[in-house]
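J.: here is my input; please provide its structure:
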Amino acid sequence: MIYWSIFLAFFIPGILGYGGGPASIPLVEKEVVDRYGWMNTQEFGEVLALGNALPGPIATKMAGYIGYMEGGVLGAAVALFASIAPSLFLMLILMATLMKYKDSMQVKNITKLIRPVIAVLLGAMTLQFFMTSKESTGSIQTIVLIVASYWLLEIRKIHPAFVIGLALAYGAISSFI
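T.: Numbering: from 1, shown residues only. Below is the predicted model:
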């Protein structure tokens, strides 16, 4: 039964998460944290940070890790397949239709309407991570991390993997102090 739950936890976000891995992350969080209770929000945030620090697609890395933690090697395989299956099947089925109607205004308008929804979902997840961080580490440290991350990413143009690594190091050091 656990393998069916793992499959559903990653297949459903794969179907509904139009826009790839980053768009499906809030949906995966809903399944993993709220529906199945395999992790809390802080643990999910840590898995997300680790997944962002590693090269490759975020959705498959998270699926592999969470699947492994819940069902071992077979769980990881089930989660990985479930995370790519919707894209694989839909790509094969819909490619001919999209190519036929690629210049249609309806297709262009659908894409324009979906982008704000994804932005709102990512914003809501960011706010939830902010509130969790504020509760567990305090307002000052949370603001320091936000400002430092913004400065490193946007002003200094440091690669996100290094910023995540620095944030992890900061968290490790501050937990000992």
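
J.: show me where pLDDT drops low in the chain?
T.: Residues of the chain that meet the criterion pLDDT under 70 lie in 18-21.

J.: show me where the protein has strands.
T.: Assigned by DSSP state E, the strands in the chain number zero.

J.: tell me, what residue is most central in it?
T.: Against the mean C-alpha coordinate of the chain, by CA atoms, centre = their mean, the closest residue is Ile25 at 2.9 Å.

J.: give me the number of residues near Tyr36?
T.: The number of residues packed near Tyr36 is 16, by other CB atoms under 10 Å. To be clear about C-beta, it is placed using only N, CA and C from the backbone, and glycine gets the same treatment.

J.: distance between the biggest helix by length in the chain and the chain's centre?
T.: In the chain, with assignment by DSSP state H, the single longest helix is helix 58-100. The gap between where helix 58-100 is centred and where its chain is centred comes out at 13 Å by CA atoms, centre = their mean, to the nearest Å.

J.: report the separation between the residue sitting furthest away from the middle of the chain and Phe89.
T.: When distances are taken from the C-alpha mean of the chain, Lys100 lies farthest, 31.7 Å away, according to CA atoms, centre = their mean. Distance of Lys100 to Phe89, given as CB to CB, to the nearest Å: 19 Å.

J.: what of Leu153?
T.: Computed with CB to CB, the distance linking Leu153 and Phe89 is 35 Å.
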